[in-house]
Structure formats: C-alpha cells, structure tokens
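Participant: 3D, please:
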Amino acid sequence: MNTIDSTLSYAGVGRTDITPPPDCILDGFAARDHRAEGIHDHLTVTAAAFSRKNKTAVIAGIDLLELIDPQIDEIRKRVLDRCGIPQHRLFLNCSHTHAGPLMRKRYNRDFCPDNGFCSPDEKYVESAISAIVQAIGQAVDDLTPCKIHFGIGDTHIGICRRASDVSIYKGPASGYIGIYANIPNPDKVVDRTCPVIVARDMNGSDKLILFGSACHPTTMSHPNYLVSAEYPGKAREIIEQRHPGAMSLFIQGIGGDVKPKRVALEDSFKSGDFEDVDCVALELVDDVESVYADSMSEIDLEISSSSGRYHLPYNELWGKEKFIEYQAPEHSKYRRKWARSWDRHVDSGGEIPTYADINLAILNLNPRIRFLGIAGELLTDMGLKLKHQFSDGITLPCGYTNGRIGYIPDSKVLAEGGYEATETVFFTEQMPAPWRDDIDQTLFNAFEQLVKEAD
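Facilitator: Numbering: from 1, shown residues only. Below you'll find the model as predicted:
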C-alpha cells in the first residue's frame with residue numbers, strides 16, 4: 001500500500017501452510033492412543049488485513065485446536081516487529097479442529113512420562129508461529145483499495161451436545177446440581193449466527209470472503225487419525241471453487257457445547273467420516289451463499305480496538321478438603337491423580353492460585369459491527385449473554401481467540417456441573433478448582449472496560 005487515500009477502505013489477504021508431519025501427535029480427544037497416520041487435507045493460516053485512515057487490523061483464521069499464551073505473545077512480538085501492528089489490532093482465531101497437532105503440554109495421561117506423547121513438537125510449534133506471522137505480513141503487504149460488504153444470516157449445522165444424562169461417566173458426574181453429559185439436546189438454543197464479510201477490489205472482483213459459525217469441528221471423533229482442517233477447511237475449499245480468485249477465511253464463534261448435527265443420533269453421537277465432513281461443510285457453504293446473495297450491505301471501515309489480560313477467579317471454596325475428597329477410591333483414576341498432585345503441592349508449601357489470566361479483545365470494523373475475542377472455550381449461554389451486553393449494532397463473540405485457557409461456562413452451567421463446568425478441571429494441570437460463580441459479571445466488567453479503551 002503505497003499511497004493512502006483516507007476516504008477509501010483497504011483490504012489484503014495472505015495464506016501459509018501449517019500442515020504438521022504425518023506422524024504428529026493429534027490433539028482434541030483424550031481417547032487417542034497413538035500418533036497420526038497421515039494427512040487427509042492441509043492445515044493453513046488465512047489472514048485478512050483491513051485498513052482505513054492509518055488504522056490497520058488483522059483477523060487470522062488458524063487451523064489449530066488452540067494456541068497458548070506464550071505462543072500468542074511471540075506472534076504479537078514478531079508481528080509488531082514485521083508490520084508495526086500492535087497487539088490490540090490482532091485477532092488470532094483458531095478453528096478448534098480436533099484433527100490438528102498438539103500445541104500445548106498434555107496432563108493426566110498415564111503414558112505421558114514414558115514416551116513424551118503429551119509434549120508438543122517444538123520444531124513444529126516454531127514453524128507454525130513463523131507461518132502465522134508470514135501470513136499476516138502477506139495480508140498487510142497486499143492491502144489495496146476495496147469495497148467492504150457485510151451480511152448476517154443463520155446456519156443450522158450445529159446441535160447442543162449438553163444434556164442431563166449419565167452415559168458418559170464411569171460413576172456420578174461431579175457438580176452441584178444434577179448430572180450433565182455429552183448427548184444430543186435438540187431443545188437447547190444454540191447460536192446460529194452466520195456472518196459474512198466480502199472485500200471487493202475496485203474492479204468488482206471478490207478478494208476476500210470471511211464467514212463463520214459457532215460449532216465444534218468434531219464431525220469425526222477419536223477414531224480419526226488423519227490430519228484435517230475438518231468442516232471449516234472443506235467449506236473454504238468449496239467457497240474458493242465457487243468464487244475463483246477470492247480467498248476465504250473461517251472464523252469460529254461460541255460453540256463449546258455444540259457439535260455438528262450430522263453426527264447426532266437419538267441418544268448419542270457417532271464418529272463421522274470424511275463424507276460427513278463434506279456434508280457439514282456443504283450445508284454451511286449454502287448458508288453463506290444465501291447471505292452472500294441476499295443480505296449484503298456496503299460498510300465503511302471505522303476501525304477501533306482494544307485488548308487486555310484479565311483475572312478470571314477460581315472458586316475459593318475448593319482447597320485442601322477437596323483434594324483429599326477426590327483421592328477416595330470411589331472416584332475415577334484421573335480425578336485421584338489430579339487431587340494427589342494438588343495435595344502434594346500444598347503439603348510442600350505451594351500456594352493455590354486464585355485466578356487464571358485470560359486474553360480478551362474487541363475489534364470494531366465500524367461502530368455497529370464488533371468482534372469480541374475470548375481466549376477460552378465458551379458455552380452458548382455465555383456467548384449469548386455477551387452478545388446481549390451490547391445494545392447497539394451486531395456483536396460477534398469468538399472463542400479460541402488470542403489463546404485458550406479452558407472451558408468458560410456461565411454461572412448457571414457452573415451450578416449444574418458436568419463436563420464443561422467441573423469435570424474438565426481434572427484434566428487441566430493449572431486449575432485447582434472450577435471458575436467462581438460470578439464469572440458472568442467478571443467478563444461483562446472486563447468488556448465494559450475494553451469498550452472505554454478502544455481506539
């Protein structure tokens with residue numbers, strides 16, 4: 001971008017390959033017990049840069065389950081050095097594919113100490129970070145005058161996976177009220193928002209088609225041992241076939257308790273195959289095309305943004321007594337292991353952390369279209385509450401953005417208990433307890449502060 005015309009909006013795109021080795025350690029399902037068996041389709045980073053009046057922001061869609069804070073910090077540093085873009089104008093969103101490589105150290109698996117199955121390939125991690133920065137650099141270098149169009153519609157690819165049941169557990173589920181497990185729940189409201197952003201060059205050709213949904217890329221379950229970008233990757237492929245010359249970018253919304261309904265049976269989920277993945281992707285693409293054809297309006301970019309790292313408090317009622325309680329024989333092996341670890345930590349003089357730090361961000365493309373970035377795996381109700389916090393315009397909350405610290409349910413789900421509220425604690429080394437029950441207000445207050453700081 002050589003000469004800047006302040007009356008125009010600019011957009012640029014970039015893409016790099018982050019496909020891991022064919023025998024990588026896959027992340028996403030604890031039941032996997034060996035390395036990947038090959039590559040089904042490639043993983044990529046797609047970056048879109050938006051600029052007007054000397055303000056440039058970048059949205060990156062990344063085919064990974066997650067990134068962790070040290071990796072996010074390194075990407076931010078390198079992008080600042082490479083492009084001069086500050087961290088509050090970077091929106092790094094992972095698709096959360098469960099057929100991608102391990103990027104964090106696993107915890108609570110019996111074979112971890114023996115063969116390193118729970119440690120990421122640091123050489124690959126470095127190559128992925130470099131590729132993410134490269135894609136962002138390409139997008140910034142590619143900035144050219146464009147007309148920006150925005151539309152919003154619905155997609156019905158997802159179904160709630162959280163319902164009252166005991167089938168997933170070997171014994172009672174942890175929690176305060178009731179038992180909640182992973183079974184189809186068609187009666188539960190999920191976020192069906194399907195946003196679409198199109199950047200067209202001054203000749204009228206599509207340069208970028210950004211789209212999204214709020215649904216786990218878990219059409220396939222743990223029996224799949226092939227690397228794949230899952231339905232988001234296939235959807236991008238179809239869109240680019242239908243719109244030659246355009247680059248497509250998928251962004252993941254808030255769907256921590258949502259799975260593709262394609263694999264929902266009456267009282268359980270099946271593990272789908274790549275034909276099912278294609279069907280989910282095609283349905284999403286048809287929804288995107290409906291918005292593209294009928295619901296797009298031109299917008300002027302008026303970029304503002306802010307980001308910060310905030311304390312998310314743990315439940316202070318958990319402590320030594322809980323660590324002793326969960327070592328009892330009636331509890332599962334993984335609960336006992338977690339409890340012994342924290343019990344030894346306390347006995348050796350260690351302190352119990354009272355909070356975790358979480359990255360939060362706001363990116364406004366204009367005053368009425370905003371993205372919220374949350375470095376966690378939010379459940380539907382929390383995402384809807386954050387949407388309703390903003391009374392004007394369109395708010396698009398996105399999970400797995402600028403990191404991920406675990407599931408983030410709202411206060412109601414915390415009271416219900418079950419996997420996302422409590423059970424996941426026992427698989428997370430750094431969590432001594434579930435989140436505190438004022439979690440809703442904690443996030444609301446943080447975003448209120450970010451709104452005031454946005455520039």
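Participant: And the closest residue to Asp278 other than its chain neighbours, how far from Asp276?
Facilitator: Spatial nearest neighbour of Asp278, chain neighbours left out: Lys234 (5.7 Å); criterion: Cβ to Cβ, 6 or more residues apart in numbering. Placement of C-beta: from N, CA and C, glycine included. For Lys234, the distance to Asp276 (Cβ to Cβ, to the nearest Å) stands at 11 Å.
Participant: returning to what we had before: which element, helix or strand, includes the residue nearest to Asp278?
Facilitator: Taking DSSP states H and E as the definition, one finds Lys234 inside helix 230-242.
Participant: what residues does that helix touch?
Facilitator: Under the criterion Cβ atoms under 8 Å, 6 or more residues apart in numbering, residues 41-44, 46, 61, 63, 95, 97-99, 157, 209, 211, 215, 217-220, 229, 246-250, 252, 260, 277-278, 280-282, 284-285, 288-289 lie in contact with helix 230-242.
Participant: still on that earlier bit, more neighbours, Lys234 and Asp276?
Facilitator: The neighbour comparison of Lys234 against Asp276 (other Cβ atoms under 10 Å) goes to Lys234, with 24 against 17.
Participant: residue boundaries of the helices in the stretch 101-250 of the chain?
Facilitator: 112-115, 122-141, 230-242 (DSSP state H, counting those that start in this stretch).
Participant: Which one of those lies nearest to Leu301?
Facilitator: helix 122-141 (14.6 Å; Cβ to Cβ).
Participant: other SSEs contacting the closest one?
Facilitator: strand 9-17, strand 44-52, strand 55-62, helix 69-83 (3 or more Cβ pairs under 8 Å, 6 or more residues apart in numbering; DSSP states H and E).
Participant: For the nearest residue to Asp343 once chain neighbours are set aside, give me its contacts.
Facilitator: Distances taken as Cβ to Cβ, 6+ apart put Phe323 closest to Asp343, at 4.2 Å, once the chain neighbours are dropped. Applying Cβ under 8 Å, 6+ apart, we find Phe323 in contact with 339-340, 342-343, 346.
Participant: just the buried members of the residues you listed?
Facilitator: Buried by 16 or more other Cβ atoms under 10 Å: 339, 342-343, out of these.
Participant: In JSON lines: those residues, plus secondary structure, pLDDT and distance to Ile303.
Facilitator: As requested, the buried ones among the contacts of Phe323 are exported to JSON lines (DSSP: H, G, I helix; E, B strand; the rest coil; pLDDT from 0 to 100; distance: Cβ to Cβ, whole Å):
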{"residue": "Ala339", "secondary structure": "helix", "pLDDT": "93", "distance to Ile303": "48"}
{"residue": "Trp342", "secondary structure": "helix", "pLDDT": "94", "distance to Ile303": "44"}
{"residue": "Asp343", "secondary structure": "helix", "pLDDT": "95", "distance to Ile303": "50"}
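Participant: what's the closest of those to Lys105?
Facilitator: Looking across the buried ones among the contacts of Phe323 and measuring by Cβ to Cβ, the closest to Lys105 is Trp342, at 17.2 Å.
Participant: any idea how far the closest one lies from Trp318?
Facilitator: Taken as Cβ to Cβ, the span from Trp342 to Trp318 is 9 Å.
Participant: Mutual contacts of these two, please.
Facilitator: Pro432.
Participant: now the helices for the stretch 301-450 of the chain?
Facilitator: Under DSSP H, counting those that start in this stretch, the stretch 301-450 of the chain gives helices at 320-325, 333-347, 380-389, 411-416, 439-453.
Participant: which residues are contacting the third one?
Facilitator: Yep, that's helix 380-389 we're talking about. 160, 188-191, 214, 253-258, 372, 374, 378, 395, 397, 399, 408-410, 412-413, 439-440, 443-444, 447-448.
Participant: Poorly predicted segments of the chain, please.
Facilitator: 1-3, 107-116, 165-181 (pLDDT under 70).
Participant: Can you dump the C-alpha atoms of stretch 307-314 in PDB for me?
Facilitator: Extracted in PDB, the C-alpha atoms of stretch 307-314 (Å, rounded to 0.1, in the frame of the first residue of the first chain):
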ATOM      1  CA  SER A 307      -7.200  -5.900  24.200                       C
ATOM      2  CA  GLY A 308      -6.100  -6.800  27.700                       C
ATOM      3  CA  ARG A 309      -5.300  -9.700  30.100                       C
ATOM      4  CA  TYR A 310      -7.700 -10.100  32.900                       C
ATOM      5  CA  HIS A 311      -8.000 -12.200  36.100                       C
ATOM      6  CA  LEU A 312     -10.700 -14.900  35.900                       C
ATOM      7  CA  PRO A 313     -11.200 -16.100  39.600                       C
ATOM      8  CA  TYR A 314     -11.400 -19.700  40.700                       C
END
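Participant: Would you mark the buried spots in that stretch?
Facilitator: Here stretch 307-314 shows 307-308, 310, 312-314 as buried, counting by 16+ other Cβ under 10 Å.
Participant: likewise stretch 384-393?
Facilitator: Here stretch 384-393 shows 384-387, 389-390 as buried, counting by 16+ other Cβ under 10 Å.
Participant: Geometric centre of the chain: which residue is closest?
Facilitator: Tyr400 (2.5 Å; Cα atoms, centre = their mean).
Participant: give me every residue that touches the closest residue to it other than its chain neighbours.
Facilitator: In space, and not counting its chain neighbours, Tyr400 is closest to Cys94: 4.1 Å by Cβ to Cβ, 6+ apart. Contacts for Cys94 were tallied using Cβ under 8 Å, 6+ apart; they are 62-67, 252, 400-401, 404.
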